[in-house]
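In: Give me coordinates for this.
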Amino acid sequence: DITLLPIGGVASLESIPEKPKEELFVALAGPLVNIVIALMLLPFVTWPAVLEGLSQVGGSNFLLSLLSVNVTLAVFNMIPAFPMDGGRVLRALLSYKMDRVKATRIAASIGQVLALGFVVLGFYGNPFLSFIGIFIFLGAQAETKQIKSRALISGVTLRDVLMREVPLLDSKLTIRDAAQQLLAGQNKTFVVMNEGKPVGTLSHLEIVKALGEQGENASIASAMDKDLLYLNADLSLESALKELQRSKKPLALVSSQNALIGVVDIQNVTEFLLIRSAKQK
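Out: Below you'll find the model as predicted:
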């Protein structure tokens, strides 16, 4: 997707290439497009028009304006600071000599220094520079945080994270029974079983909704989500998180050799990351 901001658009990809060579090519693609467009326009721009400048944009200097915009975008995007392409280029080059987390931290620090320079210049000139500086500073912080989070889950599989004590409910029970189980413990989502097999999941939100719409004597089977999400125990935690986000499921069943061995949810993953982060400090 693309997020539109006052200074332009920021593109978000499903996954960012982690190999330095691949990230370098992706980061350079945007500015190169601007440069190619500028070079294509160059033969059609007359030098008198260039000397006249761009005080006003009109039919007489439209091509010059378009050329100028593309050159400006190319230069701006190559500023070595996140989230601009220049920051990613710098990180890719640093990643040839060091690990990605350290490269990101160095690139982000350089970007934040430049951001402070923009803020100071904004006080003495164009205030919009201060706004750009703040944007760059926050972008560098966000990039560093994201990379650290990804480093925490690197090499982790669902087998390392899953909850082996699965909260179960029988499909023949009522919503009143489910509500009592909800109040008796800290489980927020249950696996609904029928004759020893999982047939659905029931979240605390679905329990509350069923109580209000169907009454406490309604069966669990009538309120549960029958569309189960199964994930393999050897799946990487990063891929599993993407599946949970894509499916919008509160809980996934984890299987190994066609047998249910546990469940995983966002809360469980968050607690795992907090503990792992604390151990690394």
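In: if I look at residue 154, how far off is residue 248?
Out: To residue 248, residue 154 is 25 Å away according to C-beta to C-beta, to the nearest Å. No exception for glycine: its C-beta is placed from N, CA and C like everyone else's.
In: Sorry, slip of the keys, the one I care about is residue 267.
Out: Counting by C-beta to C-beta - residue 267 and residue 248 are separated by 15 Å.
In: low pLDDT regions in the protein?
Out: Along the chain, the parts satisfying pLDDT under 70 run over 6-8, 10, 12-17, 46-60, 280-281.
In: which strands and helices sit next to the helix or strand hosting residue 65?
Out: Applying DSSP states H and E as the criterion places residue 65 in helix 62-77. Using 3 or more C-beta pairs under 8 Å, 6 or more residues apart in numbering; DSSP states H and E, the elements in contact with helix 62-77 are helix 20-41, helix 47-52.
In: Who are the packing partners of the first one?
Out: Pointing back at helix 20-41 there. Short answer (3+ C-beta pairs under 8 Å, 6+ apart): helix 20-41 packs on helix 62-77, helix 85-95.
In: Highest average neighbour count across those: which stretch is it?
Out: With neighbours defined as mean count of other C-beta atoms under 10 Å, the helices and strands packed on helix 20-41 peak in mean count at helix 85-95, which reaches a mean of 23.
In: Could you list every helix and strand in contact with whichever helix or strand comes after it?
Out: Downstream of helix 85-95, the next assigned helix or strand under DSSP H and E is helix 100-124. With contacts taken as 3+ C-beta pairs under 8 Å, 6+ apart, helix 100-124 sits against helix 85-95, helix 127-152.
In: Just give me how far helix 100-124 sits from the chain centre.
Out: Distance of helix 100-124 from its chain centroid, counting by C-alpha atoms, centre = their mean, to the nearest Å, is 22 Å.
In: Need the contact partners of that helix.
Out: Helix 100-124 is contacted from outside by 18, 79-82, 87, 90-92, 94-95, 97-98, 128-137, 139-141, 143-144, 147-148, 151, using C-beta atoms under 8 Å, 6 or more residues apart in numbering.
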